[in-house]
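1. Fold the following for me, if possible:
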Amino acid sequence: MPDRVWDFVIVGGGSAGCALANRLSADPGTSVLVLEAGRSDIKLDPFIHMPAALPYPIGNRLYDWKYESEPEPHMNGRKVYHARGKVLGGSSSINGMIFQRGNPMDYERWAGDKGMEAWDYAHCLPYFKRMETCLAGADEWRGGSGPLVLERGPATSPLFGAFFEAVQQAGYPLTDDVNGYRQEGFAPFDRNVHRGRRLSAARAYLHPVMARKNLTVETLAMVTGLVTDGTRVTGVDYKRPGRNSRRARAREVILCGGAINSPQLLLLAGIGPREDLERLGIPVVADLPGVGSNLQDHLEVYIQYASKQPVSIGPWLKHRHKPRIGAEWLFLRSGVGATNHFEAGGFIRSNDRVDYPNLMFHFLPIAIRYDGSQPAAEHGYQVHIGPMYSDVRGTLTLKSRDPYEHPALRFNYLSTENDRREWIEMVRAARTILSQPAFDVFNAGELSPGPSVETDQEILDWVAADAETALHPSCTAKMGVDDQGVLDPESMRVHGVDGLRVVDASSMPYVTNGNIYAPVMMLAEKAADLVLGNTPLPPSSAPFYRYRENDPLYPPGHPLHASSSASPGDDR
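-> Now for the predicted structure:
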């Protein structure tokens, strides 16, 4: 292919890359090349396609790029592990399969920035609908004919029943659909699981169109640099194991490598903060201070309880049960292996000073960590919790000019007073819910953090020592027209550079309220129209819930109104 010029070269066959490849190659006259550095998502690989096997790929070099942060100064100097998908489908092939759009107010916040007016909820909702088939039913908020088939968690375990009852006893509402009119509240969750299998972006968008003659997908193809001619990008250099470096020329290059890899490639190409580039001897193509700044993420902890009754799925993890689990899944697509087990949860506000939910809960009918380790109790349950739009900001910088060396990631978790206050409110709210009468028949005591962690400072110390990332790095090459903006919001082109766009989680100006897979797919769907010059989908007129003073959801005396002026670290 040395003389070929592709219409589009997509760098990264992950979530956004798969969606763009599908949409851009729909015109047979448009040539598309996808370069994925990871391997193929082998059809029969149970570690990818069995929903319950999700702990296995994380930390495995065959599936995971295995990033980690720099020592975090507010977390005892420890490094925080960050898994990223090293396989076709990207992180959608190894994530928890939880489908959350975020709150409508997230997109109102996006649109509040200058130049971002077309990214409000009304303009984003049509693209959310276009990408999905919601099996719970299509309506003015939900789609019914898209490639992403969404099954709602059955949440039939008695532990889920106790959880839904407990949140109401604690004064929090249920909601019909956290992706519909009102996110605030608790409900079964939508999941990227269909007929007992993970439905990754590769399975939903890419594999159905792989036979298109104008679409080429190369795996194990590591892009090592962008080819530039002045301020225009004309292609990419890439390398496959055991082969010489190759060059793919393109009319346009679209970076879809995610919030770590995309800014890394920009910096290596001389697109970023002048001072940082000159320090490494990289010629400056475009001085864009926002590349690698504005790094955001979600941090989370597990509040774990032991269960008096044998109702959790803990015993199924014993080795003697694994052949049965595997057989039921392989031949029947059913049983313990056919669900991600994150079947329900919800969103609340920690106080009445925030405009929309800032805390998220994932409930799990077992006490277990992502790495598969369990506490001593055979039966248990837990909630994964964490603030959703923290004011913490981090940075991504190059360590060297070597494209194979991971960049330096510093998230600055727990570095602001507001973030610390929300963590205290979060842990106390979770404990309040899990100690309600609905759990009395199950509650055999808190396992983590345990009764020794009670004061505000003890909570913060525990979070600093125990918290993990929820694996939502984002916002490192944001859309915007301010001095930190990297992308033109109207086209997602890199400011000051021709022939180059970025479409992935790095494009977000602010992280959304929930898991970020669904927003990334929405970005890709909308970007496809921007790239092709299509008429955008008309904005939606569907309403959405906004909290109002004296809202009947939260009557006088509700804990939400008990806003404290205490500083984090004060006992209360």
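
2. Going by C-alpha atoms from here, please, whenever you check contacts or count neighbours.
-> Will do.

3. what's the weakest-modelled helix or strand in this protein?
-> helix 322-327 (a mean of 81; mean pLDDT, DSSP states H and E).

4. Now do the following helix or strand past it, average pLDDT.
-> Proceeding C-terminally, helix 322-327 gives way to strand 344-348 as the next helix or strand, assigned by DSSP states H and E. The pLDDT scores in strand 344-348 average 97.

5. And strand 344-348, how far out from the chain middle?
-> 16 Å (C-alpha atoms, centre = their mean, to the nearest Å).

6. then that strand to PDB, C-alphas only?
-> Coordinates of each C-alpha in strand 344-348 appear next as PDB, following Å, rounded to 0.1, in the frame of the first residue of the first chain:
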ATOM      1  CA  ALA A 344     -28.300  -2.000  39.700                       C
ATOM      2  CA  GLY A 345     -27.200   1.200  41.400                       C
ATOM      3  CA  GLY A 346     -28.000   4.800  41.400                       C
ATOM      4  CA  PHE A 347     -27.100   8.500  41.700                       C
ATOM      5  CA  ILE A 348     -27.600  10.900  44.500                       C
END
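
7. who touches that strand?
-> 153, 155, 160, 172, 178, 183-189, 356-364 (C-alpha atoms under 8 Å, 6 or more residues apart in numbering).

8. again with stretch 282-289
-> Contacts of stretch 282-289 (C-alpha under 8 Å, 6+ apart): 230-231, 268-274, 277-278, 401, 483-486, 495-497.

9. hmm, which of the residues you listed are the buried ones?
-> By neighbour count, with 16 or more other C-alpha atoms under 10 Å, those hold 231, 268-274, 277, 401, 484-486, 495-497 as buried.

10. Which of the residues you listed fall within helices?
-> Among the buried ones among the contacts of stretch 282-289, DSSP state H puts 268, 274, 277 in helices.

11. Nearest to residue 533, out of those: which one, please.
-> residue 268 (29.2 Å; C-alpha to C-alpha).

12. circling back to that earlier point, so which of the contacts of strand 344-348 sit within strands?
-> Mapping the contacts of strand 344-348 onto strands (DSSP state E) picks out 185, 186, 187, 188, 359, 360, 361, 362, 363, 364.

13. Show the contacting residues for the closest residue in space to the fifth one that isn't next to it in sequence.
-> Take residue 359 and drop its neighbours on the chain: the residue closest to it by C-alpha to C-alpha, 6 or more residues apart in numbering is residue 387, 4.7 Å away. Residue 387 is in contact with 298, 299, 300, 358, 359, 360, 419, 422, 423, 426, counting by C-alpha under 8 Å, 6+ apart.

14. Is it possible to mark the buried ones in those residues?
-> 298, 299, 300, 358, 359, 360, 419, 422, 423, 426.

15. tell me the two of these that are most distant?
-> Greatest spacing in the buried ones among the contacts of residue 387, by C-alpha to C-alpha: 360 and 419 (14.2 Å).

16. need the strands for the stretch 401-550 of the chain, in chain order.
-> 408-410, 443-448, 468-469, 500-502 (DSSP state E, counting those that start in this stretch).

17. Can you tell me which of these is nearest to residue 337?
-> Distances from residue 337 to each of the strands of the stretch 401-550 of the chain were compared by C-alpha to C-alpha, and the smallest falls on strand 468-469, at 24.3 Å.

18. what is the mean pLDDT for the closest one?
-> On average, strand 468-469 scores 96.

19. again, but for stretch 120-140
-> Here the average pLDDT along stretch 120-140 is 98.

20. What's the end-to-end length of that stretch?
-> 16 Å (C-alpha to C-alpha, to the nearest Å).

21. Return the distance of that stretch from the chain's centre.
-> Centre to centre, stretch against its chain (C-alpha atoms, centre = their mean), the figure for stretch 120-140 is 18 Å.

22. What are the buried residues along that stretch?
-> 120-135.

23. Next: stretch 235-244.
-> Result for stretch 235-244 [16+ other C-alpha under 10 Å]: buried residues 235, 236, 237, 238, 239.

24. what is the rounded mean pLDDT of that stretch?
-> Mean pLDDT, computed over stretch 235-244, is 95.

25. quick one: terminal-to-terminal distance for that stretch?
-> End-to-end distance for stretch 235-244: 17 Å, by C-alpha to C-alpha.

26. quick one: residue 553 from residue 561, how far?
-> Counting by C-alpha to C-alpha - residue 553 and residue 561 are separated by 12 Å.
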